[in-house]
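K.L.:
whatever this is, show me its structure:
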Amino acid sequence: QVQLVESGGGAVQSGGSLRLSCAASGRILFINGMGWYRRAPGKQRELVATISDDGTTTYANIVKGRFTISWGNAKHTVTLQMNSLKPEDTAVYYCNAGPLNYYEGDTPIAARDSWGQGTQVTVSP
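P.N.:
Coordinates of the predicted model:
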């Protein structure tokens, strides 16, 4: 099984910055890409940013120019630098990895994706 653990959430005032990190662990063969999604209260989960194994990035329009996704120094880690935060960025942020292949026992598993448990980001006016 693959586990994704997020860190770095918290509370900040409008205009502030936070840095989220996510580390994937397990007997991972490869991960094609990782990303961040978020779910605000009363809203559906939405894509924030993704990064592929070749470094190609995508961003939701509402975060372009403010958020930066990058691969971390350790293998299978990803960070999300969030600057100029706004109250509307308040949400639970989820790390996603996939498609991915990993070992479960001696069995190779091909999975569409894997999700972290989420980390709360709260931006006050």
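K.L.:
where does the residue of the chain positioned farthest from its centre land on pLDDT?
P.N.:
Distance from the centre of the chain peaks at Asp106, with 28.4 Å (C-alpha atoms, centre = their mean). We note a pLDDT of 91 for Asp106 in this prediction.
K.L.:
average pLDDT for stretch 52-66?
P.N.:
Per-residue scores along stretch 52-66 average to 97.
K.L.:
okay, buried residues for that stretch please.
P.N.:
Across stretch 52-66, burial judged by 16 or more other C-beta atoms under 10 Å covers Tyr59, Val63. Bear in mind the C-beta positions are built from the backbone N, C-alpha and C, glycine included.
K.L.:
touching that stretch from outside, list them.
P.N.:
30-33, 46-51, 67, 69, 71, 82-85, 88-89 (C-beta atoms under 8 Å, 6 or more residues apart in numbering).
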